[in-house]
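A.B. asks: take this sequence and fold it.
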Amino acid sequence: MSGQGRTSPPTGRGAKGPPGQWTLAWRRLRRNRTAMTALGIFFAILLLCYPGASLYSRHIAHHGPDFQNIQGKIEVNGKPTPIVRYDGTPIGPGLRSEYPLGADANGRDLLLRVLYGGRASIMIGITSALICTLFGLLLALPAGFFGGAADGTIRWLLDLIWSFPVYLLAVALATALVVGGADIGPIHIESSSLLIPILVIAVVYIPYIARPIRGEVLALRRTEFVEAAISHGTRSTRVMFSEILPNVLPTAVVLFTLIVATNILIEAGLSFLGVGVPLLTPSWGNIIQQGYTQMVTAPWLTLAPGIAIVLTAVSLNVFGDGLRDALDPHARHRARFSTDPRGAVAETEVEAT
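C.D. replies: Predicted structure coming up:
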């Protein structure tokens, strides 16, 4: 009687290996309807601020965000209505093609200014978060990998920045740079440049990125695959960037998403205090700063940019939470793979023990 051998899974072009970490994360993220809805809201805001602002300015408003029309009039319910009344109160929101969100005290279209202001605020938030994440990684990798004097020096620098309240340090740095600009080697940054709030916000939040990533690098430094790479004579830089960096990238991506929302709020606070985006450049922060004195007579001047800030920050935070759940290897559900008779990889979800 001949025995039957175990059937081996098919190999070759028809067989598929298990999907990678990012593929699994994307599958889990797509099943999170709340996170995907938040991502859709954020993309809608991006579309409104970038192509939407230009299209509205060119085809509907027929002027830019800084166009002042204090003595102008528009037709409301068949009657000519001044954009700014004699007592200084601007026209309010309404269902019309011109000034749908009303105007400010200088007769400028508020919707147009909110859309263009979103460009500056979102750009500052994303760019400062990119710089912050990059420098956070560059500081956290050698600190956690080498330890000793390198770790002590970098931790001292991070603790120094961490010891100051965020807004206090940001206002102090921004005030110093706004007065005379900044000189970085041969490069001179004008005081009116948007690079000033970008650099200030990036520097302030570097510890918030570097410290958690440093902790992960410390744990990975003692793992077997890192020790094996070191024992084979692999250079330290290669171990850091080829073995450790891919394992801390998910954390960096999640922190980046969350820090963008925080940076947008910081920019709004700095601009409101007059040390962020210059007044001649619309941003959500300085639109609120210019309109808060009329909160009683014209509340839409602060409500419109305020709602835009809230929607952007909440959508990014909700999406960041969903992205963290999708990338977290210790999440409530883990993927289990099995190979069906055709060689395809099937994915099922089981609770983690």
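A.B. asks: I'd like to know how far Ile263 sits from Val254.
C.D. replies: Let me fix one detail, which is that residue 263 is Asn and not Ile. 15 Å (CB to CB, to the nearest Å). In short, each C-beta sits where N, CA and C put it, glycine included.
A.B. asks: these two: which has the busier surroundings?
C.D. replies: Asn263 (27 against 21; other CB atoms under 10 Å).
A.B. asks: who are the contact partners of the more buried one?
C.D. replies: Counting by CB atoms under 8 Å, 6 or more residues apart in numbering, Asn263 touches Ile124, Gly125, Ile126, Ser128, Ala129, Cys132, Ile201, Tyr205.
A.B. asks: how about Ser192?
C.D. replies: Ser192 sits next to Pro278, Leu280 when contact means CB under 8 Å, 6+ apart.
A.B. asks: ok, 10 Å please
C.D. replies: By CB atoms under 10 Å, 6 or more residues apart in numbering, Ser192 lies in contact with Val178, Gly181, Val277, Pro278, Leu279, Leu280, Thr281.
A.B. asks: tell me where the chain has strands.
C.D. replies: Remark: strands assigned in the chain by DSSP state E are 73-76, 79-82, 182-184, 187-189, 333-339, 345-351.
A.B. asks: right, and Leu195 touches Ile187 too?
C.D. replies: Yes - contact criterion CB atoms under 10 Å: Leu195 and Ile187 qualify, at 9.5 Å.
A.B. asks: out of these two, which sits in the busier spot?
C.D. replies: Neighbours were counted for Leu195 and for Ile187 using other CB under 10 Å; Leu195 has more, 19 against 8.
A.B. asks: next one: the more buried one from Gly144, what distance?
C.D. replies: In terms of CB to CB, Leu195 sits 30 Å off from Gly144.
A.B. asks: with Ile287 instead?
C.D. replies: Relative to Gly144, and taking CB to CB, Ile287 is found at 42 Å.
A.B. asks: same check on Ile154?
C.D. replies: Distance from Ile154 to Gly144, by CB to CB: 9 Å.
A.B. asks: shared neighbours, these two?
C.D. replies: Between them, Ile154 and Gly144 share the contacting residues Ala210, Arg214, judged by CB under 10 Å, 6+ apart.
A.B. asks: ranges for the helices of this protein?
C.D. replies: Secondary structure of the chain (DSSP state H): helices at 21-31, 33-49, 51-56, 110-146, 148-162, 166-180, 195-204, 206-221, 224-231, 236-238, 245-272, 284-291, 300-327.
A.B. asks: what is the orientation angle of the fourth one with helix 245-272?
C.D. replies: What it means is helix 110-146. Counting by axes from the mean of the first three to the mean of the last three CA atoms, to 10 degrees, helix 110-146 lies at 140 degrees to helix 245-272.
A.B. asks: now the angle from helix 110-146 to helix 195-204?
C.D. replies: Angle, helix 110-146 to helix 195-204, by the same axes, to 10 degrees: 40 degrees.
A.B. asks: and helix 110-146, how far from the chain's centre?
C.D. replies: Distance of helix 110-146 from the chain centroid (CA atoms, centre = their mean, to the nearest Å) equals 6 Å.
A.B. asks: now do the buried residues in that helix.
C.D. replies: 110-129, 131-133, 135-137, 139-145 (16 or more other CB atoms under 10 Å).
A.B. asks: now that helix: average pLDDT?
C.D. replies: Averaging pLDDT along helix 110-146 gives 96.
A.B. asks: with the second one instead?
C.D. replies: Over the span of helix 33-49, the pLDDT mean works out to 96.
A.B. asks: distance between that helix and the chain's centre?
C.D. replies: That offset, for helix 33-49, works out to 13 Å (CA atoms, centre = their mean).
A.B. asks: list the contacts of the residue lying closest to Gly117 once chain neighbours are set aside.
C.D. replies: Computed as CB to CB, 6 or more residues apart in numbering, the closest residue to Gly117 that is not its neighbour in sequence is Pro282, at 4.1 Å. By CB under 10 Å, 6+ apart, the contact set of Pro282 is 53, 64-66, 108, 112-121, 271, 290, 305.
A.B. asks: so how far is Ala182 from the closest residue to Ile198 other than its chain neighbours?
C.D. replies: Distances taken as CB to CB, 6+ apart place Ser128 nearest to Ile198, at 4.7 Å, with adjacent residues excluded. Ser128 sits 15 Å away from Ala182, taking CB to CB as the criterion.
A.B. asks: one more: Ala313?
C.D. replies: With distances taken as CB to CB, Ala313 is found 27 Å from Ala182.
A.B. asks: isn't Val166 right up against Gly269?
C.D. replies: Yes - contact status for Val166 versus Gly269: in contact at 9.3 Å, counting by CB under 10 Å.
A.B. asks: what residue is smack in the middle of this structure?
C.D. replies: Per CA atoms, centre = their mean, the C-alpha nearest to the average position across the chain is that of Val260, at 2.3 Å.
A.B. asks: low-confidence stretches in this structure?
C.D. replies: For the chain, applying pLDDT under 70 flags the ranges 1-17, 329-353.
A.B. asks: now with 50?
C.D. replies: 1-8, 12, 331-353 (pLDDT under 50).
A.B. asks: burial count for the closest residue to Ile230 other than its chain neighbours?
C.D. replies: Once flanking residues are discounted, Ile230 sits nearest to Val239: 6.1 Å by CB to CB, 6+ apart. For Val239, the neighbour count with other CB under 10 Å is 22.
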